[in-house]
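[1] with the sequence up front, the predicted model follows.
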Amino acid sequence: MKKKILLGIIAILFGSSTLMAAGITGLDVDEAKFSELHQSGFAIQIANGLDFAYYTDNHEFTVGFGGLTINEGGSDETMSPVIFARRNFPMTTNTTLGLGGSLGTKTGTMDGVDVEDAKYAKAYVFFEYAASKNILLGGSVTLAKYTAYTVGSTDVSVKQYLGGSNVQIAVLF
């Protein structure tokens, strides 16, 4: 698991340096307007649940935690707390492209059996549009995700590539 996390961090750093070297970021940016739209502050991100995030100046970095929503379905009742970090690059005055990663766990029950030793690591790409300085619209695509957990006496390990996406709205304070 530690190797996978390290490889994910290396991939994010390599990807960000490649974007900058290729000149892909900052295609059409009015820097004064960009700074006005991308101010630092705390945000609530609403997607599949609520996440709490902090955006640095010009939204260069976003960090946070979330996944505290209880998911109930049939005999499943789980919660998946997560921490995340993202490096964002300006694409246009209103839009950023982010490369991020998250680490999380899962607690609760699946099919009435306790989930044990659950963890996951995920790398993703994220696009975010600043509709105003307080409203951000975004979407992500998962590049890779590794999940491992135990339910009863069954060990489960899942690797996913280019799987999963979400959309979100963030309110920046």
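    It's in.
[2] moving C-terminal of the worst-scoring helix or strand of the chain on mean pLDDT, what's the next helix or strand?
    Every helix and strand in the chain was compared by mean pLDDT, DSSP states H and E; the lowest is helix 2-22, with a mean of 53. Using DSSP states H and E, the helix or strand that follows helix 2-22 towards the C-terminus is helix 31-37.
[3] local confidence estimate at the residue nearest to Asp155 when sequence neighbours are not counted?
    Closest residue to Asp155 apart from its sequence neighbours, by Cβ to Cβ, 6 or more residues apart in numbering: Ala148 at 7.4 Å. All C-beta spots, glycine's among them, are computed from the backbone N, C-alpha and C. For Ala148, the pLDDT comes out at 90.
[4] the one 10 residues further on now?
    Model confidence at Val158, given as pLDDT, is 88.
[5] now the host helix or strand of it, how far from the centre of its chain.
    According to DSSP H and E, Val158 maps onto strand 154-161. Averaged C-alpha coordinates place strand 154-161 at 20 Å from its chain's average position (Cα atoms, centre = their mean, to the nearest Å).
[6] could you spell out the sheet neighbours of that strand, each with its direction?
    Strand 154-161 has the following strand partners under DSSP bridges: strand 135-151 (antiparallel).
[7] tell me the buried residues in the partner strand?
    When burial is assessed from 16 or more other Cβ atoms under 10 Å, strand 135-151 yields the following buried residues: 136, 138, 140, 142-149, 151.
[8] could you dump those residues to a markdown table with distance to Ala53?
    Below are those laid out as a markdown table (distance: Cβ to Cβ, whole Å):
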| residue | distance to Ala53 |
| --- | --- |
| Leu136 | 10 |
| Gly138 | 11 |
| Ser140 | 13 |
| Thr142 | 18 |
| Leu143 | 20 |
| Ala144 | 22 |
| Lys145 | 20 |
| Tyr146 | 23 |
| Thr147 | 23 |
| Ala148 | 26 |
| Tyr149 | 26 |
| Val151 | 31 |
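[9] gap between Glu60 and Pro90?
    Going from Glu60 to Pro90 by Cβ to Cβ, to the nearest Å gives 9 Å.
[10] out of the two, which sits in the busier spot?
    It is Pro90, of Glu60 and Pro90, that has more neighbours when counted by other Cβ atoms under 10 Å, with 20 against 16.
[11] hmm, the more buried one is touching Val29, no?
    Yes. Counting by Cβ atoms under 8 Å, Pro90 touches Val29, with 4.9 Å between them.
[12] elements contacting the helix or strand containing Phe126?
    Using DSSP H and E, Phe126 maps to strand 113-130. With contacts defined as 3 or more Cβ pairs under 8 Å, 6 or more residues apart in numbering; DSSP states H and E, the packing partners of strand 113-130 are helix 2-22, strand 82-90, strand 95-104, strand 107-110, strand 135-151.
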